[in-house]
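Colleague: What would the 3D arrangement of this be:
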Amino acid sequence: MPVIQRFGAMAIRIYFADENPPHVHVVGPDTEAKVAIGTAAIMVGEIPSSLRSEILEWIAENREALMRKWEECQ
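Modeller: As a prediction, this is how the structure comes out:
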């Protein structure tokens, strides 16, 4: 499960052989969320409000690279 990007104590990861739809995991202390790569929408869980906008914007801006990484991991 490679770490793709860090935001302080939060990490964006893609898990190997994960289920569809394509998504990333946002993991940190007492936090775990799944975010759809295509829409940058939170599917499950919560992201702390102090980092939510920054993380979701980063995912949206890096959608193409994240999709390539998702395909590599599947």
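Colleague: Give the burial count for the residue lying closest to Gln74 once chain neighbours are set aside, as a bare number.
Modeller: If the residues on either side of it in the chain are set aside, Gln74 comes closest to Ala17, at 6.3 Å by C-beta to C-beta, 6 or more residues apart in numbering. For every residue, glycine as well, the C-beta is placed using N, CA and C. One way to gauge burial is a neighbour count; for Ala17, by other C-beta atoms under 10 Å, it gives 6.
Colleague: for the protein, what spans make up the helices?
Modeller: Ranges of helices within the chain are 49-61, 63-73, based on DSSP state H.
Colleague: The last one: how far from the chain's middle?
Modeller: Which is helix 63-73. Its chain's C-alpha centre and that of helix 63-73 lie 11 Å apart, by C-alpha atoms, centre = their mean, to the nearest Å.
Colleague: just the longest one next, same as before
Modeller: Remark: helix 49-61 is offset 10 Å from the chain centroid, using C-alpha atoms, centre = their mean.
Colleague: and what of stretch 5-23?
Modeller: 4 Å.
Colleague: pLDDT on it, on average?
Modeller: Averaged over stretch 5-23, pLDDT sits at 94.
Colleague: mind listing what's buried in it?
Modeller: Counting neighbours by 16 or more other C-beta atoms under 10 Å, one finds that the buried residues in stretch 5-23 are Phe7, Met10, Ala11, Ile12, Arg13, Ile14, Asp18, Pro22, His23.
Colleague: Nearest to the spatial middle of this structure, which residue is it?
Modeller: Nearest to the mean C-alpha position of the chain, by C-alpha atoms, centre = their mean, lies Val24 at 3.0 Å.
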